[in-house]
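Engineer: Predicted model and sequence below, questions to follow.
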Amino acid sequence: MHQEEFKKLLEKEAKFWAHFNEDALKKGIPHWLDLQNAKPIKRRPYNPFNDSRIEQIIRGDIKEDFLQSAKNIVGKNKRALDFGCGMGWLSLELSRQGFNVDGFDLAERSIEIAKNYSKKMKQKINYKVADLNNQKFKENFYDVIAIWDVLHHLLDPEIVLKRLKKSLKPNGKILILDHLGFNQENEKIVKMLINTLPAKFSHIVYRIKRKLKLEKNKKEDQVIEDAPFEHCSESKILPAIKKILPNADIKERLPIAIHLAHHHETPDFLTEPIWNFVKHIDNKMLKNGAKGEYVSVIWTKDIK
């Protein structure tokens, strides 16, 4: 890819996330701004990530694991890097735990929102705009490096992980949650649940129209277009993690829950029982050897 083309795509990526975050902020406090004060965001097109209740049920346990792992690090002047921080929910949580936090992200507007909100919450966080593919860091500097849902947006996760690993102190931790891609072998159970779980009437009508090819995909009705680097390196993530972070605690996660959530809108009053049920099925599938759509990683740097 030519440098000029890459630069234009980066600008488009930044605009996408700036728009995504700006639009959500108009509707309330999304969970990716502040985990502790989040409210469900109602906007179209439907996206399950807008509902903080669904997010807490599906990925709340992973967030708790990460924050507990960071909390276990003791010492004064602890430093954390939130790599690809967005509007800063993870930076905020790490700061609340007493870390000196640096948050880096591509989208200038997202960083601006994060700065303003952290000041409102009286948390001192150092936010910076950066090209995450090429950003360099001080070596042996951070106690925790958190990478939440970011690597699949980068061209070469292996190079980035090498750079971040050098920036970690001995006994420091790298925490990763990322998207590997949906395994089509799990599609049958997703379709079964779509056809059996209660759905919003408007969602049922939408599905019928789509099946009968009556639903027109009007581009002007779409609030948000796709980000150009979405899914660009999913196949590279797991090999890079295993190579660069040996003996990491690697867990495949969420074989169907998030994929299903994007294709099934439940009645509001049934949101919590339905997604708790789906999470139960998700965990059972993992125990039976199903491939996860996501992977979580906790890696501790040995003292040498």
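Structural biologist: Great, that's in hand.
Engineer: the strands in the stretch 151-300 of the chain, which residues?
Structural biologist: 168-179, 249-253, 294-300 (DSSP state E, counting those that start in this stretch).
Engineer: any chance of those in CSV, with distance to Lys243, mean pLDDT and mean neighbour count too?
Structural biologist: For every residue, glycine as well, the C-beta is placed using N, CA and C. Written out in CSV, the entries for those read as follows (distance: least, Cβ to Cβ, whole Å; pLDDT from 0 to 100; neighbours: other Cβ atoms under 10 Å):
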stretch, distance to Lys243, mean pLDDT, mean neighbour count
strand 168-179, 14, 96, 21
strand 249-253, 12, 97, 16
strand 294-300, 12, 97, 21
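Engineer: wait, which of these is closest to Asn140?
Structural biologist: strand 168-179 (5.5 Å; Cβ to Cβ).
Engineer: Just the CA atoms of that closest one, as CSV, please.
Structural biologist: Extracted in CSV, the C-alpha atoms of strand 168-179 (Å, rounded to 0.1, in the frame of the first residue of the first chain):
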residue,chain,number,x,y,z
LEU,A,168,6.6,-3.3,29.3
LYS,A,169,8.4,-3.5,32.7
PRO,A,170,9.5,-6.9,34.2
ASN,A,171,6.5,-8.4,35.9
GLY,A,172,4.3,-6.1,33.9
LYS,A,173,1.1,-7.3,32.1
ILE,A,174,-0.2,-7.1,28.6
LEU,A,175,-4.0,-7.5,28.4
ILE,A,176,-5.6,-8.2,25.1
LEU,A,177,-9.2,-8.6,23.9
ASP,A,178,-9.6,-9.0,20.1
HIS,A,179,-11.7,-10.2,17.3
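Engineer: That one packs against which elements?
Structural biologist: helix 52-71, strand 142-148, helix 157-166, helix 234-244, strand 294-300 (3 or more Cβ pairs under 8 Å, 6 or more residues apart in numbering; DSSP states H and E).
Engineer: what is the orientation angle of the last one with helix 52-71?
Structural biologist: With axes from the mean of the first three to the mean of the last three Cα atoms, to 10 degrees as the criterion, the two stretches strand 294-300 and helix 52-71 enclose an angle of 20 degrees.
Engineer: coming back round to it: single out the most deeply packed of the helices and strands packed on strand 168-179.
Structural biologist: With neighbours taken as mean count of other Cβ atoms under 10 Å, the helices and strands packed on strand 168-179 reach their highest mean count in strand 142-148, at a mean of 25.
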